[in-house]
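In: For reference, the sequence and a predicted model appear below.
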Amino acid sequence: MDRLTATPIAPVFLSLICEFIGAEIESEKNIEVSSFCTLFPGERGGLSFLANSSYTKLLKKTKASVVIMNHDQECPEGFTGICIRVDESYSTWGILLQKFGEHYPWTHEPIAESAEIHPSAKIAHGVTIGNNCVIGENVILHPNVTIYPNTKIEKNSILHSGVVIGADGFGFAAPNPTETKLRKICHIGHVIINDNVEIGANSCVDRAVVGATVIGSGTKLDNLCQIGHNVQIGVGCVLAGQVGIAGSTKIGNYVQVGGQAGFAGHIEIGDFVKIGAQSGVHKNVGKGKIIMGSPAIDAAVFRRKFAASNMKK
Amino acid sequence: MDRLTATPIAPVFLSLICEFIGAEIESEKNIEVSSFCTLFPGERGGLSFLANSSYTKLLKKTKASVVIMNHDQECPEGFTGICIRVDESYSTWGILLQKFGEHYPWTHEPIAESAEIHPSAKIAHGVTIGNNCVIGENVILHPNVTIYPNTKIEKNSILHSGVVIGADGFGFAAPNPTETKLRKICHIGHVIINDNVEIGANSCVDRAVVGATVIGSGTKLDNLCQIGHNVQIGVGCVLAGQVGIAGSTKIGNYVQVGGQAGFAGHIEIGDFVKIGAQSGVHKNVGKGKIIMGSPAIDAAVFRRKFAASNMKK
Amino acid sequence: MDRLTATPIAPVFLSLICEFIGAEIESEKNIEVSSFCTLFPGERGGLSFLANSSYTKLLKKTKASVVIMNHDQECPEGFTGICIRVDESYSTWGILLQKFGEHYPWTHEPIAESAEIHPSAKIAHGVTIGNNCVIGENVILHPNVTIYPNTKIEKNSILHSGVVIGADGFGFAAPNPTETKLRKICHIGHVIINDNVEIGANSCVDRAVVGATVIGSGTKLDNLCQIGHNVQIGVGCVLAGQVGIAGSTKIGNYVQVGGQAGFAGHIEIGDFVKIGAQSGVHKNVGKGKIIMGSPAIDAAVFRRKFAASNMKK
């Protein structure tokens, strides 16, 4: 369950996948697909997709064996995998996740029999734990916590009441430009909460589309935080209340985040970064920087501007 | 249950209502009141109120048969209903909702027997469903969802763990200027979640004072969103995490809202509007506009100002 | 249970405490410690700590009998208590709270037998109430509310679904500069919700480290609010949705707070203050002021600047 950027599926021939979505492949390219994966790094046997053309350059580096892309997208030299053409790749990706991914319904019991729960873990009233979960040594789950299937919570971690781990992330595709009805992108990934993590009341950590959303060892989240799908947070971070992090963003180690700050998706925050309360972080932030404001800028500059603006009043 | 701006009550003579609140009516004006309604559009047999004088102009258009208003408020020509004078109309409105509205206590069972639940709906552990609810075909309610009485959830909608639908909205009246103790405005309205909606973990949709709070068909809300009483959201909207919408605001169709954005109450947002993350939307926004900032302005202007301000540093 | 700034412990000799943490005291200074308390006001028999040197001046005023502080911190003249020196006082404070404070595990029943619940209180399904709680007359707890041990909820208060009262506050110590692993500060305090309070769905009120977090009589909180440890909110306040208040901040009486506003920790807000939506309140605010913006400034100045900045576009 610990793969971070890919989720295994029951192996299936690519020809079958293509038949299902009405795409074509040359017969000599028929291989067995054994996982769905993110475009980078990708893995052998893995199927991924390209939707946003700004990621085209990743095609040169991906190890994915198959990439679904639109008819009009360029496939750069250096791409070593198999390229499958469709009308709307993101939507097709969603259809494939739905069809070939593994799905876990809730069980009749509140705590699934298949869940592997360490005898020293303390599970309070009203906790629901889905299939295929692993709950480690000394973990404390306070009342009314929900652990969706396929979640791993490592030793000594504490989840306060109302925490929801592993709900579907927020992903929807518009099948085509004239069709406004959104298609749900099925989430077959999972969540890993490493050891010694504490998560405040009513906070949410969404499951990954494929691979894992990860909260690193010793990291502490306050109440009412929102952690999107495929986010990776490093070790020893401290996030104050009501912080929100959009999908696929990567937070380094020992990062400190003030209350109500928000992060755009698909960005990277370096180690030891400090972020002021209510900041809006919209792009990558280098190691050790201190930023604030919305949009966030260097904290010293922010303070200077704020002081100057108040002198002019 | 589908009336959006009025809630029926057991019919009662206006004379009885006036006696209860110590107000006077001329005997020839005695009619039967059959609903409590918003001032606009209002409906025949409906009783409404005027508190904020900026809505006085609606009196010319309302179809409400009775309007409670303060002694010192003007009643414009063109108003065709019956005007009942009191000391503090909002507070009196609250008293009437409490006295004559229908209230539904929680039942002894977690899922009320009177709830109409389609056999294909999937109801997980820890879900509570109140009296008079309707849960449609293929609806999925994840663990620990709470559905207050009188809520309708249409087919194919998905509510993630910890979602609360139909809690009382945030309305309190100060009975008079020297009395600081707030009086709760009783909420007798309901919530309608249309078909194909998805609502993220721990989000809240409050019930209407009268009429309905509505989430339109195919609209998707991310985690930890707050939707106030009497808000109406159109079809095909996408709201990212931690968005908050104050009471009675109307969101058009296909509106996209970034994370942590907030909306004032009683405003209207046109179709196809796009709103940046952390924006503060304080007034009406016309169709198709793209805005950001707090307070929100045209996005292109916002970006230009932000760029200019960073050059001056 | 009503002490606001101290929590009693089973009396223990200071010599024993010092032995446990490896600190030294002169034998004539051995006293009995009967509570853990905040530095101000402190109380006789109470043990507190000094971590941030900006609070050194409180040492002259504290009534605490014992204060743990770092080796290099100055102890001003006028301090009448006993000073115990350690390497890292905040971390040591955490160790003592853990060792000598009283801890209440969840009981096997969802509603602890030791909880004192008024027969007129209405407790819905899925509610969990811990040991030593007091639930007053006519209190309404909607489904899936969690009341951690040692909480008091006074008469006529209403808690909507998913509310969490008394989860541990957000406090962690870094034992030393080279050690990045954070140590949890154990919370032995409690929460007091005074009478006639209403708390919106999925809001959280954290328990105090020592003493109490308090929500004053008649105060109303909307959905998804976050109230940190040791916060004290006065009477008759109104907090809109998604407001967050960091630890130890004190809000006066009749304060009105717009949606998504945030407060830094350890500040004081005067009576009758009004705070705009999305404001960031980072310092003390005097009685009756009206402020907005992030960082928040005088509302009239904010509006003037915003108007001027839009003219320059």
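Out: Yes, it's here.
In: And stretch A:224-235, how far out from the chain middle?
Out: Its chain's C-alpha centre and that of stretch A:224-235 lie 7 Å apart, by CA atoms, centre = their mean, to the nearest Å.
In: Just the C-alpha atoms of it, please, in PDB.
Out: What follows is stretch A:224-235, C-alpha atoms only, in PDB (Å, rounded to 0.1, in the frame of the first residue of the first chain):
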ATOM      1  CA  LEU A 224     -10.400  22.200  10.300                       C
ATOM      2  CA  CYS A 225      -7.500  21.900   7.900                       C
ATOM      3  CA  GLN A 226      -8.100  20.700   4.400                       C
ATOM      4  CA  ILE A 227      -5.500  18.500   2.700                       C
ATOM      5  CA  GLY A 228      -6.200  17.800  -1.000                       C
ATOM      6  CA  HIS A 229      -5.600  14.700  -3.000                       C
ATOM      7  CA  ASN A 230      -2.000  13.600  -3.700                       C
ATOM      8  CA  VAL A 231      -0.600  16.300  -1.400                       C
ATOM      9  CA  GLN A 232       2.700  15.300   0.300                       C
ATOM     10  CA  ILE A 233       3.700  16.900   3.500                       C
ATOM     11  CA  GLY A 234       7.100  16.300   4.900                       C
ATOM     12  CA  VAL A 235       8.200  15.600   8.500                       C
END
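In: List the residues that contact A:Val243.
Out: A:Leu221, A:Asp222, A:Cys225, A:Gln226, A:Val257, A:Gly258, A:Gly259, A:Gln260, A:Ala261, A:Gly262, A:Phe263 (CB atoms under 8 Å, 6 or more residues apart in numbering or on different chains). C-beta here means a position set from N, CA and C on the backbone, and glycine is covered the same way.
In: how about 7 Å then?
Out: With contact set as CB atoms under 7 Å, 6 or more residues apart in numbering or on different chains, A:Val243 has these partners: A:Cys225, A:Val257, A:Gly259, A:Gln260, A:Ala261.
In: which of the residues you listed lies closest to A:Ile9?
Out: A:Cys225 (31.0 Å; CB to CB).
In: if we can go back for a sec, just curious, which of the contacts of A:Val243 is nearest to A:Val163?
Out: A:Cys225 (9.5 Å).
In: can you tell me which of the contacts of A:Val243 are up against chain B?
Out: For chain B, no contacts are drawn from these by CB under 7 Å from any CB of the partner chain.
In: What is the neighbour count of A:Glu26?
Out: Using other CB atoms under 10 Å in any protein chain shown, A:Glu26 has 7 neighbouring residues.
In: Could you check the pLDDT of it?
Out: As predicted, A:Glu26 sits at a pLDDT of 82.
In: Chain C contacts on chain A?
Out: Contact residues, chain A versus chain C (CB under 7 Å from any CB): A:124-126, A:142-144, A:160-162, A:198, A:200-202, A:218, A:220, A:222-224, A:236, A:238, A:240-242, A:254, A:259-260, A:277-278, A:306, A:309-310, A:313.
In: Any quick ChimeraX command for the buried ones out of these?
Out: This is how ChimeraX selects the buried members of those, with burial counted by 16 or more other CB atoms under 10 Å in any protein chain shown:
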select /A:124,125,126,142,143,144,160,161,162,198,200,201,202,218,220,222,223,224,236,238,240,241,242,254,259,260,277,278
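In: thinking again about what came up before, out of the contacts of A:Val243, which are inside strands?
Out: A:Val257 (DSSP state E).
In: Quickly name whichever of the contacts of A:Val243 is closest to B:Pro149.
Out: The closest of these, once distances to B:Pro149 are taken by CB to CB, is A:Cys225, at 30.8 Å.
In: Could you find the closest non-adjacent residue to the closest one?
Out: Take A:Cys225 and drop its neighbours on the chain: the residue closest to it by CB to CB, 6 or more residues apart in numbering or on different chains is A:Ser203, 4.2 Å away.
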